[in-house]
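Q: below is the sequence, then the predicted model.
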Amino acid sequence: MTQSVVVQVGQCGNQVGCRFWDLALREHAAVNKKGIYDEALSSFFRNVDTRSGDYGPDIYKGKICSLKARALLIDMEEGVVNEILQGPLRDVFDSKQLITDVSGSGNNWAVGHKIYGCQYRENIVEKLRKTAEHCDCLQCFFIIHSMGGGTGSGLGTFVLNLLEEEFPEVYRFVTSVYPSGEDDVITSPYNSVLAMKELNEHADCVLPIENESLFEIVNKIHQIINSGKLGSTVKQKSLVTSSAGSAKTLQEKPFDAMNNIVANLLLNLTSSARFEGSLNMDLNEISMNLVPFPRLHYLVSSLTPLYTLADVNIPSRRLDQMFSDAFSRDHQLIQADPKHSLYLACALLVRGNVQVSDLRRNIERLKPSLHFVSWNQEGWKTGLCSVPPVGHSHSLLALANNTCVKPTFIELKDRFVKLYKKKAHLHHYLQVDGMEQSSFSEAMSSLSDLIEEYNELDAAKGEPRIDPSRLKIAV
Amino acid sequence: MSIVTVQLGQCGNQIGHEVFNALCSDIRGTHGLCSRKENESYQDSCKERFFCEEESGVPVARAVLVDMEPKVISQTLSTAARSGHWKYHGRSHFCQKQGSGNNWANGYSVHGPRHKEAIMNLVQKEAEKCDRLGGFFTIMSMAGGTGSGLGAFVTQCLRDAFPTSFILNHVIWPYGTGEVIVQNYNSVLTLSHLYQSADALLVHENDVVHKICAQLMNIKQISFRDVNQVIAHQLGSVFQPAHTAGGGSGYSRNPLGDLMEALVPHPEFKVLGLRNIPQMPENSLAYSTFSWPGLIKHLRQMLIAKAKMEEGIDWQVRPPQPGSCLPSASKPLHFNTSLANLVILRGKDVHGVDLGSFQDPSLYTSWLKPQDAFSAWRTPRAFSKYEKSASLVSNSQFLLQPLDSIVGKAWNMFASKAYLHQYTKFGIQEEDFLDCFTTLEQVISSYTNL
């Protein structure tokens, strides 16, 4: 079995990462009753013998001693990481996995990427090497960050570059939180577009996330719970409300709840690699099947049913509804409508007591209403994992390579252009060593090219399909 | 003679496990419906063919399990051992950590050469345990990365290392609407390569078996286990001991050889389809009776009309009129022309069954005499609780349309160059793809012109 390493960069990255580790521990605790350190656990955790101190040797078999996350926590401010280290997860990380600084990146991609990148390069490489050495067979790096700020965006993409250089054989999956239109960081368009260029060139797969979508999903969950329609069968174990126990009001953005959703995404994505099933779907298969051309590696994700994210216990009678929901607009983790755009490829990873006939029935049912590109009319990748999420009977993760990401990118480009035309705040970036006007224009054209590739695919969408003529054999 | 089974990838290992289960439970069952002596001879023959005796008395399957990631093999080994009736050899498996990522090129060009020695060592060990090696039976799917790519590589290695042994590849064709997006590429690459090294390809299509599960076995929520059990039953009906020569001379000592002799007269035609009737849920067996004439009539029409199972057969399809010497292009389109057919009958009163309808020359292509084109194996020992069981292994146009469909879809994708970068990075170039397409178009053309 393989291992994965999570690299969480910046405030957002670390907050989401924190939720991920919490959920991962709970998931494994529910499955692993005997407390034996097994292969599934080893995909994300090391087992360390701490009797001789905190940095004891790794134990590869036998009883669980002390679990340490295979992670790197990077932030140029100390606040978030310190909070993690004082919270219930403090024993899961050791101090050798942290890289922090004091003053932050000032929401400036250039500071994160060029200044801190340069400064911390060796430190980061060394820590990555160490983490990789602890892995028997390292398959994948998961980077979690936001695009709109300075550290997650700038330093995060710097690390992405580093990973490609130092570990070219290892997959790079990036979970990127994109800024919304009303984002309070004025320079977020600059940061995002500069980061996009790096994602275009160095990531294997990107899972874009938008806060607006997460917020809407969280609201929906609250509505379902509070509507009283579910009656006495509802048990809430609060995976949605914050781990500190205090419920946030809905007027403020409920970030913990939103971060849980992203954490669930990562858990479900890796479930088939960690647990058994009748049709396994490993991480390298995701990249193989969902990326038909190297640059088109942006995958729109959706998780159903929603209430699994809230840990609400409802007996699920409506399996087929779960499949339908996965394709509806309000279950996507970005503001997009895949049903009305063009599919290049689609993956369905089902967990729990679902069999191949349920899968086939639903694919047959939904196929007619979806538009697939002409050369991939049956472009479905499916996986069946027997282990459901904690406390539930089944769940579904849908990943789509779909042109519906285009509007997100176009909007991003528009916001960028609006700022750039006025040269607003540009000096903050240009005064950083290594940043020039060309950095901006190159980033812009990288994004434009990407949008153009999606445009071409969309343009061919309505055209009548002419199958290329087959090879002729002399009889 | 013994057969060594090589289980490749998740599919190969899951099916292989069900096959050994089916074989074992068939010989343990007392539903032989024949004399005790006959039954014992059957059991001994099966055990020699597929199992090795160990001191503990638990039969050990003659198998090598190969996968590029550990989860499936570990499950397969433990489930078999738990049954208590048979098991796999503790060290006859090879696995790695990372899987092939559904990438044929990864399986063939990277994993193949890297692990060739280790895998062939295991095969050699199993082969040496056989008093007489009757050949190899490999089980794989062609949609994924390991079964398909590494499977093609291993088949080539088997051919190189055992040039005179028979090699039969059991290949699973995936559901038409995708299990894997690049399944058509992987299929084209696999089939074209297997064609060079194997003696024959025995095919099961997931769509067909799924229908059997849904309509004949009445299973509501069909799992892969259900599908695999039907496949295992069908394979068992072919590979369990049978009388291949005229009655009285005992069970065949060379099952794979006999199969090849009956069905593969020409190296250009290696694709074999399999049909088995009747199929029904176990608890209905006691309430059903069948007559041989009825079964034979159905089986023949299934052959002619390319039916997937014994329900929904198109009875309108008829063979072309004899003596009218029509060129093959104007034969009725739905009619299935055969090169060679083998019917295997097991159970009560097999020797009296009239198989003349299968020797009708209009069923066959013109260049073989019907007596050479048709073979029958009759075995009085009943199979797996079915009082009467009839199987048809056919070298005909059965799989022509599905093959054509797979090649067409792969070609369509290839023309747009989608996913090619995933293959080229592991050493499979566009020219390699073109070679494979050419090979398969040739096969399609050959079968079309039967």
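A: Cool, the structure landed.
Q: and the strand or helix carrying residue A:82, what's buried?
A: In this assignment (DSSP states H and E), residue A:82 forms part of helix A:79-86. With burial defined by 16 or more other C-beta atoms under 10 Å in any protein chain shown, the residues of helix A:79-86 counted as buried are A:80-81, A:84-85. For every residue, glycine as well, the C-beta is placed using N, CA and C.
Q: neighbours around the residue in the stretch 201-350 of chain B positioned nearest to chain A, how many?
A: Closest to chain A within the stretch 201-350 of chain B is residue B:222: 3.7 Å, counting by C-beta to the nearest C-beta. Neighbours of residue B:222 under the rule other C-beta atoms under 10 Å in any protein chain shown: 23.
Q: for it, what are its contacts?
A: Contact analysis of residue B:222 by C-beta atoms under 8 Å, 6 or more residues apart in numbering or on different chains lists A:355-357, B:210, B:213-214.
Q: which of these fall within strands?
A: Under the assignment DSSP state E, the contacts of residue B:222 contribute nothing to strands.
Q: from these, pick the one nearest residue A:435.
A: residue A:356 (53.1 Å; C-beta to C-beta).
Q: what sits against that closest one?
A: A:278-279, A:384, B:210, B:222-224, B:227.
Q: quick one: it from residue A:295, how far?
A: Note on residue A:356: its distance to residue A:295, by C-beta to C-beta, to the nearest Å, is 33 Å.
Q: on that earlier part again, check the residue of the stretch 201-350 of chain B closest to chain A and give its pLDDT.
A: On the pLDDT scale, residue B:222 is placed at 91.
Q: tell me the SS of it?
A: Following DSSP: H, G, I helix; E, B strand; the rest coil, residue B:222 is assigned to coil.
Q: contact partners for the nearest residue in space to it that is not next to it in sequence?
A: The shortest distance from residue B:222 to any non-neighbouring residue, by C-beta to C-beta, 6 or more residues apart in numbering or on different chains, is to residue A:357 (3.7 Å). Residue A:357 makes contact with B:210, B:213-214, B:219-223, according to C-beta under 8 Å, 6+ apart.
Q: of those, buried ones?
A: Here, 16+ other C-beta under 10 Å leaves B:210, B:213-214, B:219, B:222-223 buried among the contacts of residue A:357.
Q: export those residues as a markdown table, with columns for distance to residue B:397.
A: As requested, the buried ones among the contacts of residue A:357 are arranged in a markdown table below (distance: C-beta to C-beta, whole Å):
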| residue | distance to residue B:397 |
| --- | --- |
| B:210 | 22 |
| B:213 | 25 |
| B:214 | 25 |
| B:219 | 30 |
| B:222 | 28 |
| B:223 | 32 |
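Q: now for the residues you listed, which pair is the farthest apart?
A: B:214 and B:223 (12.2 Å).
Q: could you pull out the buried residues of the helix or strand harbouring residue B:19?
A: Residue B:19 belongs to helix B:9-28 when assigned by DSSP H and E. For helix B:9-28, burial by neighbour count (16+ other C-beta under 10 Å) applies to B:9-27.
Q: which of those residues come close to chain A?
A: Of the residues in the buried residues of helix B:9-28, proximity to chain A by C-beta under 8 Å from any C-beta of the partner chain holds for B:10, B:14.
Q: residue B:65 reaches residue B:73, doesn't it?
A: Yes: the criterion here is C-beta atoms under 8 Å, and residue B:65 meets it with residue B:73 at 5.1 Å.
Q: which one's more surrounded, the two?
A: residue B:65 (26 against 20).
Q: ok, back up a step: any idea of the mean pLDDT for the helix holding residue A:82?
A: For helix A:79-86, the mean confidence score works out to 89.
Q: packing partners for it?
A: helix A:10-31, strand A:71-75, strand A:98-100 (3 or more C-beta pairs under 8 Å, 6 or more residues apart in numbering or on different chains; DSSP states H and E).
Q: which intervals of chain A have sub-threshold pLDDT?
A: Of all residues in chain A, those with pLDDT under 70 make up the ranges A:52-56, A:228-253, A:307-317, A:475.
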